[in-house]
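1. Sequence isn't available, so here's the structure alone:
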């Protein structure tokens, strides 16, 4: 171990200790997470400047920092499937009848798809405002390699139909789905847990004693899993420090400056969608400021981790323990929102790319027919994107290929993908929490005492 590597690790360890004592002195989780984000950004910038002449020299340091950042993400991924399965099963067994599930699912999916359509329009609007187009984009070595990977995936999604996407949600082997074996494993686990819950409700009519024992056992297991979730959530500041340090240390300033116009347009579109979510909450009688104070730690983790799936445990915990949403709605909205109706990855991004590339094949992107078709395809594709793995790249491939547009732009923007993906993921997660909060309010299942009295940590 070289002296420079040892020194870097000592400094990083000192930052971890700083966060520990900051939280120990009574500061809230939100403030600790925010401090971690700032410290991570600063330390990453320092590392990039120190190794600007030899970027490969910083790799050993990043490898050790990844032990903390990726380790935290893996801990969250470890509990995603147990949490989704147990909490949904527990929530359904508490219902009086299975008919409530239809209302909950319809409400959540309705909000997710509606906001995705708005996100597509917002993306188009900022593309017009910034006069974005595909001219002048140059493919370097990274972009060319990424473009080959993108084109290699076209055959994987070109033959998919909406029915085949929906069929992929139904689990053939629930035990394999619990291992996360498929891209749609989360939704498949939800479906399996829902059927078990419905079976418990039916069993209650025939043998109430057995059904009650099942419910009590499920609830006990649910409390155990939630206790584990809270342990891991307390590690959030340290994970964010490491993830932010890696992002800032490995991002290319040259790539960012070359595509600054697209980055600014993307983040302004993302910001507008956060405002749209706030307006929808306000129109439903929910204080947007109180809402955002409570969800801030979850959004910060989504921002730094770039993983909607890994954020599911924090998403559910935030909805139930801070926003007062019912457990059933929180679980359904968090899991659906991680794979369906993603406002950022499946809404804004593919709409902007389609608008930019349309002129290259002689299509007027301002034509009302093109805009309406684009919004409709983006909305439908956002529902099926989990069937092909999820993510902005797959969403863009599906939308562009469906509209008969070239896919080269997807690869050409790979250099700034991580930077924009941070904001998109935070928006995806907020869309899921907004859908859950609105649905809980509309279906009169919100615990307002929790929302009003439980201050954001």
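-> Okay, I see it. Computed from a prediction, not measured in an experiment: that's the story for all the values here.

2. Check which residues of the strand or helix carrying residue 394 are buried.
-> Secondary structure assignment for residue 394, by DSSP states H and E: helix 392-402. Across helix 392-402, burial judged by 16 or more other Cβ atoms under 10 Å covers 392, 393, 394, 395, 396, 397, 398, 399, 400, 401, 402. To be clear about C-beta, it is placed using only N, CA and C from the backbone, and glycine gets the same treatment.

3. Return the per-residue confidence for the fourth one.
-> Read that as residue 395. The model reports residue 395 with a pLDDT of 79.

4. for residue 78, same thing?
-> 86.

5. so what pLDDT did residue 130 get?
-> Predicted confidence (pLDDT) for residue 130: 91.

6. List phi and psi for it.
-> Per-residue torsions, residue 130: phi -100, psi 0 (degrees, to the nearest 10).

7. tell me, how many neighbours does it end up with?
-> For residue 130, the neighbour count with other Cβ atoms under 10 Å is 16.

8. Test my guess that it contacts residue 265.
-> Yes - under the criterion of Cβ atoms under 8 Å, residue 130 makes contact with residue 265 at 4.2 Å.

9. Where does the residue nearest the centre of the chain fall, secondary structure wise?
-> By Cα atoms, centre = their mean, the chain has its centre lying nearest to residue 308, at 2.5 Å. For residue 308, there is no host helix or strand (DSSP H and E).

10. One more: residue 376?
-> Taking DSSP H and E as the definition, one finds residue 376 inside helix 368-384.

11. cool, residue 84 as well?
-> helix 59-93.

12. quick one: low-confidence parts of the stretch 201-350 of the chain?
-> Within the stretch 201-350 of the chain, the stretches with pLDDT under 70 are 252-258.

13. which secondary structure elements does whichever strand or helix holds residue 298 contact?
-> Using DSSP H and E, residue 298 maps to helix 288-305. Packing partners of helix 288-305 (3 or more Cβ pairs under 8 Å, 6 or more residues apart in numbering; DSSP states H and E): helix 29-50, helix 236-250, helix 260-283, helix 312-321, helix 417-442.

14. Which one of the ones you listed lies nearest to residue 173?
-> With Cβ to Cβ as the criterion, residue 173 lies closest to helix 312-321 of the helices and strands packed on helix 288-305, at 21.5 Å.

15. and after that closest one, which helix or strand comes next?
-> Criterion used, DSSP H and E; the element after helix 312-321 is helix 327-337.

16. tell me the angle of that following helix relative to helix 312-321?
-> With axes from the mean of the first three to the mean of the last three Cα atoms, to 10 degrees defining the directions, helix 327-337 sits at 150 degrees from helix 312-321.

17. from the middle of its chain, how far away would the helix holding residue 298 be?
-> Distance of helix 288-305 from the chain centroid (Cα atoms, centre = their mean, to the nearest Å) equals 12 Å.

18. who touches it?
-> Contacting residues not belonging to helix 288-305 are listed as 29-30, 33-34, 37, 40, 73, 76, 236, 239-240, 243-244, 247, 277-279, 281-282, 308, 311, 314-315, 318, 322-323, 422-423, 425-426, 428-430, 433, 437, 451, 454, 456-457 [Cβ atoms under 8 Å, 6 or more residues apart in numbering].

19. Tell me the buried residues in that helix?
-> Within helix 288-305, the residues that count as buried by 16+ other Cβ under 10 Å are 288, 290-305.

20. now stretch 315-332
-> So for stretch 315-332, counting by 16+ other Cβ under 10 Å, buried means 315-332.

21. same check, this time on stretch 93-108
-> Buried, per 16+ other Cβ under 10 Å, within stretch 93-108: 93, 95, 98, 100, 101, 104, 105, 107, 108.

22. which other residues reach that stretch?
-> Under Cβ under 8 Å, 6+ apart, the answer for stretch 93-108 is 92, 194, 197-198, 200-202, 211, 214-215, 218-219, 327-329, 332-333, 336-337, 435-436, 438-439, 442-443.

23. Let's see the ChimeraX selection covering just the buried ones among those.
-> A single ChimeraX command selects the buried members of the contacts of stretch 93-108 (16+ other Cβ under 10 Å):
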select :92,194,197,198,200,201,211,214,215,218,219,327,328,329,332,333,336,337,435,436,438,439,443
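
24. How far off centre is stretch 278-288?
-> Taking Cα atoms, centre = their mean, the mean C-alpha location of stretch 278-288 is offset from the chain mean by 21 Å.

25. end-to-end on that stretch?
-> From its first residue to its last, stretch 278-288 covers 5 Å (Cα to Cα, to the nearest Å).

26. Now that stretch: buried residues?
-> For stretch 278-288, burial by neighbour count (16+ other Cβ under 10 Å) applies to 278, 280, 281, 286, 288.

27. Skip the chain neighbours and tell me the closest residue to the last one.
-> So the one you mean is residue 288. Computed as Cβ to Cβ, 6 or more residues apart in numbering, the closest residue to residue 288 that is not its neighbour in sequence is residue 278, at 3.6 Å.

28. can you pull the contacts of that neighbour?
-> 288, 291, 292.

29. Now flag whichever of these is closest to residue 364.
-> Residue 364 has its nearest neighbour among the contacts of residue 278 in residue 288, at 37.1 Å by Cβ to Cβ.

30. can you list contacts of the helix holding residue 376?
-> With Cβ under 8 Å, 6+ apart as the test, helix 368-384 has contacts from 109, 112-113, 116-117, 120-121, 124, 160, 162, 165-166, 340-342, 346-347, 350-351, 354-355, 358, 363-365, 395, 398-399, 402-403.

31. can we see that at 7 Å?
-> Residues outside helix 368-384 that contact it (Cβ atoms under 7 Å, 6 or more residues apart in numbering): 113, 116-117, 120-121, 124, 162, 165, 340-342, 346-347, 350-351, 354, 358, 363-364, 395, 398-399, 402-403.

32. So which of those are in helices?
-> Under the assignment DSSP state H, the contacts of helix 368-384 contribute 113, 116-117, 120-121, 124, 162, 165, 350-351, 354, 395, 398-399, 402 to helices.

33. Narrow these to those that are buried.
-> By 16+ other Cβ under 10 Å, the ones in helices among the contacts of helix 368-384 give 113, 116-117, 120-121, 124, 165, 350-351, 354, 395, 398-399, 402 as buried.

34. Considering these, which is situated nearest to residue 50?
-> Nearest to residue 50 among those, with distances taken as Cβ to Cβ, is residue 395, at 36.9 Å.
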